[in-house]
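J.: got a predicted structure plus its sequence, pasted below:
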Amino acid sequence: MSLSIKKGDTVKILAGKDKDKTGKVLHVDSKEQFFTVEGVNLRVRHDRPTRQGQKGQKVTLPRPLARGKMILICPNCSKTTRIGSRVDEKGVKHRVCKKCKSDIK
(Lines give C-alpha, C1' and ligand atoms only; values in the text may rest on other atoms or scores of the structure.)
Protein backbone atom coordinates (compact mmCIF):
# COMPACT_ATOMS: atom_id res chain seq x y z
CA MET A 1 0.00 0.00 0.00
CA SER A 2 1.35 3.41 -0.94
CA LEU A 3 1.52 6.10 1.73
CA SER A 4 1.16 9.77 0.91
CA ILE A 5 3.31 11.03 3.81
CA LYS A 6 7.02 10.35 3.61
CA LYS A 7 10.09 10.74 5.79
CA GLY A 8 11.14 14.40 6.00
CA ASP A 9 7.65 15.85 5.46
CA THR A 10 6.25 18.41 7.90
CA VAL A 11 2.91 17.42 9.44
CA LYS A 12 0.34 18.90 11.81
CA ILE A 13 -1.20 16.74 14.54
CA LEU A 14 -5.01 16.69 14.48
CA ALA A 15 -5.87 14.71 17.64
CA GLY A 16 -4.56 13.74 21.04
CA LYS A 17 -2.54 15.53 23.71
CA ASP A 18 -0.25 17.11 21.09
CA LYS A 19 -3.09 18.53 18.97
CA ASP A 20 -2.09 21.51 16.74
CA LYS A 21 1.64 20.83 17.13
CA THR A 22 3.80 20.48 14.03
CA GLY A 23 6.87 18.38 13.43
CA LYS A 24 9.04 16.59 10.92
CA VAL A 25 8.45 12.91 10.14
CA LEU A 26 11.45 10.90 11.39
CA HIS A 27 10.39 7.33 10.60
CA VAL A 28 7.66 5.64 8.55
CA ASP A 29 6.33 2.14 9.24
CA SER A 30 4.50 1.46 5.97
CA LYS A 31 3.24 -1.97 6.97
CA GLU A 32 1.44 -0.78 10.11
CA GLN A 33 0.88 2.80 8.80
CA PHE A 34 2.50 4.47 11.81
CA PHE A 35 4.70 7.55 11.76
CA THR A 36 7.24 8.89 14.25
CA VAL A 37 7.19 12.70 14.40
CA GLU A 38 9.93 14.86 15.93
CA GLY A 39 8.94 16.44 19.26
CA VAL A 40 5.45 14.91 19.33
CA ASN A 41 3.98 12.03 21.38
CA LEU A 42 7.00 11.86 23.68
CA ARG A 43 7.24 9.14 26.34
CA VAL A 44 9.70 8.77 29.23
CA ARG A 45 11.53 5.47 29.61
CA HIS A 46 13.49 4.69 32.77
CA ASP A 47 16.84 2.98 32.19
CA ARG A 48 18.36 0.94 34.98
CA PRO A 49 22.07 1.13 35.69
CA THR A 50 23.89 -1.54 33.68
CA ARG A 51 26.99 -1.71 35.90
CA GLN A 52 27.62 -1.16 39.55
CA GLY A 53 28.37 2.48 40.27
CA GLN A 54 26.38 3.77 37.29
CA LYS A 55 23.22 5.80 37.72
CA GLY A 56 19.85 5.10 36.18
CA GLN A 57 18.38 7.74 33.91
CA LYS A 58 15.19 8.91 32.24
CA VAL A 59 15.19 8.80 28.44
CA THR A 60 12.57 10.71 26.44
CA LEU A 61 11.63 8.99 23.19
CA PRO A 62 9.10 9.87 20.45
CA ARG A 63 6.47 7.16 19.96
CA PRO A 64 4.64 6.36 16.70
CA LEU A 65 1.34 7.96 15.69
CA ALA A 66 -1.37 6.64 13.40
CA ARG A 67 -1.86 8.10 9.91
CA GLY A 68 -5.32 9.46 10.71
CA LYS A 69 -4.04 11.76 13.45
CA MET A 70 -1.96 13.96 11.15
CA ILE A 71 -2.18 16.02 7.99
CA LEU A 72 0.56 17.22 5.66
CA ILE A 73 1.69 20.85 5.58
CA CYS A 74 2.45 21.89 1.99
CA PRO A 75 6.04 23.22 1.69
CA ASN A 76 4.97 25.69 -1.04
CA CYS A 77 1.80 27.32 0.34
CA SER A 78 2.38 26.45 4.06
CA LYS A 79 -1.23 25.28 4.48
CA THR A 80 -2.51 21.95 5.73
CA THR A 81 -3.62 19.94 2.76
CA ARG A 82 -4.68 16.58 1.45
CA ILE A 83 -2.40 14.96 -1.10
CA GLY A 84 -3.31 14.19 -4.68
CA SER A 85 -1.27 12.59 -7.42
CA ARG A 86 -0.60 13.16 -11.09
CA VAL A 87 1.41 11.39 -13.75
CA ASP A 88 3.70 13.46 -15.99
CA GLU A 89 4.59 12.85 -19.66
CA LYS A 90 7.37 10.39 -18.74
CA GLY A 91 4.99 8.25 -16.68
CA VAL A 92 6.41 9.33 -13.32
CA LYS A 93 3.90 9.74 -10.49
CA HIS A 94 4.13 12.94 -8.37
CA ARG A 95 2.48 14.03 -5.12
CA VAL A 96 0.41 17.21 -5.57
CA CYS A 97 -1.01 19.71 -3.04
CA LYS A 98 -4.82 19.82 -3.35
CA LYS A 99 -4.92 23.55 -2.51
CA CYS A 100 -2.14 25.16 -4.57
CA LYS A 101 -1.80 22.37 -7.20
CA SER A 102 2.04 22.39 -6.92
CA ASP A 103 4.30 19.35 -6.66
CA ILE A 104 5.39 18.17 -3.22
CA LYS A 105 8.99 16.99 -3.18
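T.: Cool, got the structure. Just so it is clear, the model here is predicted, and its values are computed rather than measured.
J.: top strand in the protein by residue count?
T.: Secondary structure of the chain read by DSSP state E shows that its longest strand is strand 22-29.
J.: and that strand, how far out from the chain's middle?
T.: Relative to its chain's centre, strand 22-29 lies at 3 Å (C-alpha atoms, centre = their mean, to the nearest Å).
J.: so what touches the following helix or strand past that strand?
T.: Going down the chain from strand 22-29, the next helix or strand is strand 34-37, by DSSP states H and E. Strand 34-37 is contacted by residues 5, 11, 13, 23-29, 62-67, 70 when judged by C-beta atoms under 8 Å, 6 or more residues apart in numbering. C-beta here means a position set from N, CA and C on the backbone, and glycine is covered the same way.
J.: what is the next helix or strand after strand 34-37 packed up against?
T.: With elements assigned by DSSP H and E, the helix or strand that comes after strand 34-37 is strand 42-47. With contacts taken as 3 or more C-beta pairs under 8 Å, 6 or more residues apart in numbering; DSSP states H and E, strand 42-47 sits against strand 57-62.
J.: give me the contacts around the strand it packs on.
T.: Here strand 57-62 has contacts from 26, 36-47, using C-beta under 8 Å, 6+ apart.
J.: buried residues in the longest strand of the chain?
T.: Thr22, Gly23, Val25, Val28 (16 or more other C-beta atoms under 10 Å).
J.: distance check, the last one against Asp47.
T.: Which is Val28. For Val28, the distance to Asp47 equals 26 Å [C-beta to C-beta, to the nearest Å].
J.: and for the second one?
T.: As judged by C-beta to C-beta, Gly23 and Asp47 stand 24 Å apart.
J.: which residues does Thr81 bridge with?
T.: In this structure, Thr81 bridges to Leu72 when assessed by DSSP bridges.
J.: residues in contact with it?
T.: Thr81 neighbours (C-beta under 8 Å, 6+ apart): Ile71, Leu72, Ile73, Cys74, Cys97, Lys98, Lys99, Cys100.
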